[in-house]
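Asker: from the sequence below, what's the structure:
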Amino acid sequence: MKLILENWRHYLNERESDEAYQKIIDFLIDTIFTREFVEVESEDLDPAEEAELLAFFKIFTDRGDTASPGPPPPKEFEVFIDEDKIDYLANLYKTKILDDSDDQFKKVFNTNALENLLENFSISVIYAPGDWREKFEETGSEEYAYASRTMGYFAPEGSGNRGPEIAINFGNIIEDMSLEEFSALSEEEVFNKLKSYKDSVRTVLDHEFTHFLNAVRHRGDSHMQKNRGLKDPKDIYINSTEEIQSRIIQTYTLVNSFLNARDEAIPEETKENLKELPSILKSIEKDESARSRTAAMRKIVAILKNEYTSRYPWERTLPIRQKLIIKRFFDIAKALINKNKKNNYPTVERLTNE
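Answerer: All right, here's what the predicted structure looks like:
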């Protein structure tokens, strides 16, 4: 896949990259939730996956497990952009977002870059509930064992020929959904479920899209920088610059959504964590002194850190990475106080209804 730009790494080190990523991620997410722009197809499992699942389900029958979930799912689902809509979306993106952005954003996220993303993007909808994890691990089903721990994940090499993909795990997102119910879903019902559980799905997409964008930039390979001195794979993952970037951008996106009253995109716990933000920002309007701004900035950083640590393991984050995160939070706080960024840019859904 074509590189999005040559000086990408320098741009990622700037605070403006948070806003740039948010713009394109929000555009992609709003596109996914607009039915006229996507295709949904059921997909038979490939022979290797089918063999893994047959071995997995054999455990239940061999042990006479009364809680046997039944036969393995005959399919997964794939959601991707309708190729006939890519030109339209690129023009929509240019008119409503790109033309109103700064020169650096235009250089990074031009229409050619967007078309490249749309052509190579897909979401795989799978079923791997958490209480099956141990049995998945016992049969060596690594992908399903990993999926069972999460609501979704990023895969550098997706199914078929579409390149990188993001998986959404209905087994953990939809409480009490059975295997039989998942297997009986139609393509249209899969899309309706994605929209019905939009809060949870968006939480996954906000994070995983950062990995996706970087993978497209690296021709399909996720760029997870390793840290010397760390041996535990989990610690290496937690402290990789790309994973931290994903987490900061997800936090930034949630803050922006909260301040723009986009409640459908915000988990309840996050609303509670961020509830003091509006009053802090309002206090600056009454007292714009340097002392007041400094106090407000420290409060905002504390709120951002609390939101971050409610989701991610701060105690396993290296001190040098902690300093990086706090620095980015100060940058975000400064931007919020200075009101330098544009809020509430138009979404795809609103634009198509104009």
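Asker: would you verify that Val125 is located in a helix?
Answerer: No - with DSSP: H, G, I helix; E, B strand; the rest coil as the criterion, Val125 is strand rather than part of a helix.
Asker: and the nearest residue to it once chain neighbours are set aside, what's its pLDDT?
Answerer: With CB to CB, 6 or more residues apart in numbering as the criterion, Val125 has its nearest non-adjacent residue at 4.0 Å, and that residue is Phe77. Placement of C-beta: from N, CA and C, glycine included. Looking at Phe77, its pLDDT reads 89.
Asker: run me through the strand neighbours of the host helix or strand of Phe77, direction for each.
Answerer: Per DSSP states H and E, Phe77 falls inside strand 75-81. Looking at strand 75-81 with DSSP bridges, its partner strands are strand 38-44 (antiparallel), strand 122-126 (antiparallel).
Asker: winner for burial among the ones you listed?
Answerer: When those are scored by mean count of other CB atoms under 10 Å, the highest mean neighbour count falls to strand 122-126 (a mean of 23).
Asker: average pLDDT for that strand?
Answerer: 87.
Asker: go on, stretch 27-34?
Answerer: Stretch 27-34 comes out at a mean pLDDT of 88.
Asker: next: stretch 244-264.
Answerer: For stretch 244-264, mean pLDDT is 79.
Asker: just how off-centre is that stretch within its chain?
Answerer: Computed by CA atoms, centre = their mean, to the nearest Å, the chain-centroid distance of stretch 244-264 equals 11 Å.
Asker: low-confidence regions, the stretch 101-250 of the chain specifically.
Answerer: 108, 139-140, 157-163, 214-229 (pLDDT under 70).
Asker: helices of that one, start to end?
Answerer: For the stretch 101-250 of the chain, applying DSSP state H, counting those that start in this stretch gives helices covering 103-108, 111-119, 133-138, 142-147, 170-173, 179-183, 187-196, 198-217, 233-238, 241-259.
Asker: quick one: closest of the ones you listed to Asp44.
Answerer: helix 179-183 (12.1 Å; CB to CB).
Asker: possible to save the helices of the stretch 101-250 of the chain as JSON lines with distance to Ile284 and mean neighbour count?
Answerer: Below are the helices of the stretch 101-250 of the chain laid out as JSON lines (distance: least, CB to CB, whole Å; neighbours: other CB atoms under 10 Å):
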{"stretch": "helix 103-108", "distance to Ile284": "26", "mean neighbour count": "15"}
{"stretch": "helix 111-119", "distance to Ile284": "35", "mean neighbour count": "19"}
{"stretch": "helix 133-138", "distance to Ile284": "47", "mean neighbour count": "16"}
{"stretch": "helix 142-147", "distance to Ile284": "44", "mean neighbour count": "19"}
{"stretch": "helix 170-173", "distance to Ile284": "38", "mean neighbour count": "22"}
{"stretch": "helix 179-183", "distance to Ile284": "49", "mean neighbour count": "16"}
{"stretch": "helix 187-196", "distance to Ile284": "37", "mean neighbour count": "16"}
{"stretch": "helix 198-217", "distance to Ile284": "27", "mean neighbour count": "23"}
{"stretch": "helix 233-238", "distance to Ile284": "34", "mean neighbour count": "14"}
{"stretch": "helix 241-259", "distance to Ile284": "13", "mean neighbour count": "22"}
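Asker: dump these to TSV, plus distance to Arg316.
Answerer: Output for the helices of the stretch 101-250 of the chain, formatted as TSV (distance: least, CB to CB, whole Å):
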stretch	distance to Arg316
helix 103-108	31
helix 111-119	32
helix 133-138	21
helix 142-147	19
helix 170-173	22
helix 179-183	33
helix 187-196	32
helix 198-217	17
helix 233-238	5
helix 241-259	12
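Asker: out of these, flag the one nearest Asp26.
Answerer: Once these are compared by CB to CB, helix 241-259 is nearest, at 7.2 Å.
Asker: output the contacting helices and strands for the closest one.
Answerer: Where contact means 3 or more CB pairs under 8 Å, 6 or more residues apart in numbering; DSSP states H and E, helix 241-259 is packed against helix 16-32, helix 198-217, helix 268-274, helix 277-286, helix 290-309, helix 319-338.
Asker: what's in contact with the third one?
Answerer: Contact with helix 268-274 is made by 254-255, 258, 263, 303, 306-307, 310, as judged by CB atoms under 8 Å, 6 or more residues apart in numbering.
Asker: same deal with the last one?
Answerer: Around helix 319-338, the neighbours that count as contacts under CB under 8 Å, 6+ apart are 15, 18-19, 239, 244, 248, 252, 255, 259, 277, 281, 284, 293, 296-297, 300-301, 304-305, 308, 314, 317, 341.
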